[in-house]
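Trainee: Starting from these lines, generate the structure:
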Amino acid sequence: MITRHWWVLKKNTYTILFISWVLIITVLSLFSFSEVDLDTGKLNIPYADKITHFIFYLVFGILGCFFVRERTKGQAELTKTSWFMLVGAIVYGIFIEALQYTMTTDRMAEFGDVLANTFGAFVGIGLVRWYFSKKRPLKWKF
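Mentor: I've put the predicted structure just below:
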């Protein structure tokens with residue numbers, strides 16, 4: 001019984017990771033931090049929020065590509081998957097910014113966040129494309 005459950009988890013690893021990552025981004029993007037004391041001390045990192053957006057969507061792009069690869073068993077072409085995930089990341093990022101604007105009182109939508117999201121997804125997807133390039137031994141298709 002445990003072996004069967006382990007196999008299901010192993011077979012769906014990237015699906016679980018990608019969906020979990022999307023939920024984490026959603027919750028953190030819509031959570032109000034005004035009531036939480038986040039004492040950062042004297043550490044002041046310029047553009048820390050943009051760096052965070054970049055990293056979140058870099059991981060989104062990577063996990064998203066592996067998610068599509070896992071769900072299609074490698075049958076979806078890497079180029080199509082890349083475009084699909086890039087457009088998906090951009091649309092999702094804009095959607096989250098729109099939700100921040102309409103559903104939260106202390107969060108605001110920013111065009112700079114959309115740019116950071118897009119650039120992060122672009123770099124993440126680029127890393128996946130590089131990883132599965134012809135010079136790499138790992139093949140996109142199973």
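Trainee: Would you enumerate the residues in contact with the most centrally placed residue in the chain?
Mentor: Centroid-nearest residue in the chain, with Cα atoms, centre = their mean: residue 60, separated by 1.4 Å. Residue 60 is in contact with 18, 21, 22, 25, 89, 92, 120, 121, 124, counting by Cβ atoms under 8 Å, 6 or more residues apart in numbering. All C-beta atoms are positioned from the backbone trio N, CA, C, and that covers glycine.
Trainee: so which of these comes closest to residue 47?
Mentor: Each of those was scored against residue 47 by Cβ to Cβ, and residue 120 proved nearest at 12.9 Å.
Trainee: so how far is residue 24 from that closest one?
Mentor: Distance, residue 120 to residue 24, by Cβ to Cβ, to the nearest Å: 14 Å.
Trainee: does residue 74 count as helix, strand or coil?
Mentor: coil (DSSP: H, G, I helix; E, B strand; the rest coil).
Trainee: what about the helices in this protein?
Mentor: Assigned by DSSP state H, the chain shows helices spanning 2-11, 13-30, 48-71, 78-103, 111-131.
Trainee: Distance to residue 140 added to these, as TSV?
Mentor: Output for the helices of the chain, formatted as TSV (distance: least, Cβ to Cβ, whole Å):
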stretch	distance to residue 140
helix 2-11	18
helix 13-30	13
helix 48-71	7
helix 78-103	5
helix 111-131	9
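Trainee: Give me whichever of those is most buried.
Mentor: Highest mean neighbour count of the helices of the chain: helix 48-71, a mean of 20 (counted as mean count of other Cβ atoms under 10 Å).
Trainee: avg pLDDT for that one?
Mentor: Mean pLDDT, computed over helix 48-71, is 96.
Trainee: now that helix: how far from the chain's centre is it?
Mentor: 3 Å (Cα atoms, centre = their mean, to the nearest Å).
Trainee: just stretch 15-32 next, same as before
Mentor: Its chain's C-alpha centre and that of stretch 15-32 lie 9 Å apart, by Cα atoms, centre = their mean.
Trainee: That'll do, ta.
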